[in-house]
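K.L.:
Curious how this folds, go ahead:
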Amino acid sequence: MVSTILEIVATMLFHRFGLNRFAMGPSVLVFNLLYQYSRIVPPIYRFRIFGLELSNKSLQYLFGLQLAVIHAPVGVVVATIGILSGQIYRSDLAGLNTYRIPRPVINFCAKYVSPLFGVYMSPRRSNRAIPDGGRNAELPPVDEIITTARNPRPAAPGTDTAEVVPDDSRPSVMREWVDELTGRTERENAGLRVPTDAEISQIVAIFPTMEREVLVGALQRSTNIEAAVETLLASQS
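P.N.:
Got it, this is the predicted structure:
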């Protein structure tokens with residue numbers, strides 16, 4: 001809307017100089033978005049060509065300059081109007097930056113305009129894993145269907161559908177890997193108890209002058225924190 005108003009004003013002011021038409025399609029919007037791109041998106045890298053410092057965004061600017069020059073002088077005016085409208089929008093003049101289409105207009109278009117264009121729904125994807133040969137390929141004989149679907153929700157009370165309970169008895173691969181890195185698996189295999197962070201913090205507060213490794217070792221060899229405290233007190237006496 002802002003770009004259209006600026007084009008009408010430019011035609012009224014400069015029609016005597018031959019600016020009496022704009023036949024470049026959505027070029028004003030292109031330059032508007034190009035201005036937003038220059039202000040919002042930072043460059044990723046920079047380089048030099050013949051001493052001229054450029055960035056990864058210079059190619060987009062070069063295409064915009066080509067579009068403006070190839071249709072000069074109308075293209076230059078269109079580029080100027082697009083950049084100016086982008087500045088007006090970004091400066092939030094008259095609340096344009098925060099303006100949204102009113103809800104009644106959206107409801108009207110959804111009720112009366114959308115049926116004129118039909119309903120475009122994306123095709124439903126199958127949850128079953130298909131081999132590389134496509135859907136017509138022969139599936140291997142397996143006892144269990146491999147699926148990428150999520151676990152179904154529990155059935156409502158009173159229905160005959162059995163509730164599917166995920167098997168959490170086996171530890172995950174990530175947890176086993178973390179346990180191996182931290183030495184938790186070796187301590188459990190050696191018969192040592194793995195103390196919690198709360199127990200370690202509590203016993204460190206009781207014995208602030210002792211080394212942390214000694215306190216953790218006492219917790220590992222004791223069944224609870226009380227037994228560890230008694231062991232440490234007995235070792236000091």
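K.L.:
Next SSE downstream of the helix or strand of the chain with the lowest mean pLDDT?
P.N.:
None of the helices or strands of the chain scores lower by mean pLDDT, DSSP states H and E than helix 184-189, at a mean of 56. Where DSSP states H and E defines the elements, the next helix or strand beyond helix 184-189 is helix 197-206.
K.L.:
Tell me the helix or strand right after that following helix.
P.N.:
Per DSSP H and E, the first helix or strand lying C-terminal to helix 197-206 is helix 212-221.
K.L.:
Against which helices or strands is that next one packed?
P.N.:
Counting contacts by 3 or more CB pairs under 8 Å, 6 or more residues apart in numbering; DSSP states H and E, the secondary-structure elements packed against helix 212-221 are helix 197-206, helix 225-236. Where C-beta positions appear, they are placed from N, C-alpha and C, glycine not excepted.
K.L.:
Strands of this protein, start to end?
P.N.:
When secondary structure is read from DSSP state E, the chain shows strands at 46-49, 52-55.
K.L.:
Any chance of a markdown table for those strands, columns mean pLDDT, distance to Thr80 and mean neighbour count?
P.N.:
Written out in a markdown table, the entries for those read as follows (pLDDT from 0 to 100; distance: least, CB to CB, whole Å; neighbours: other CB atoms under 10 Å):
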| stretch | mean pLDDT | distance to Thr80 | mean neighbour count |
| --- | --- | --- | --- |
| strand 46-49 | 91 | 27 | 9 |
| strand 52-55 | 91 | 23 | 11 |
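K.L.:
Ala72 is nearest to which of those?
P.N.:
Smallest distance to Ala72 across those (CB to CB): 23.0 Å, for strand 52-55.
K.L.:
Grab the CA positions of that closest one and hand them over as PDB.
P.N.:
These are the backbone C-alpha positions of strand 52-55, laid out as PDB (Å, rounded to 0.1, in the frame of the first residue of the first chain):
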ATOM      1  CA  LEU A  52      37.300  -4.100  -3.000                       C
ATOM      2  CA  GLU A  53      35.900  -5.500   0.100                       C
ATOM      3  CA  LEU A  54      32.800  -7.700  -0.500                       C
ATOM      4  CA  SER A  55      30.600 -10.100   1.500                       C
END
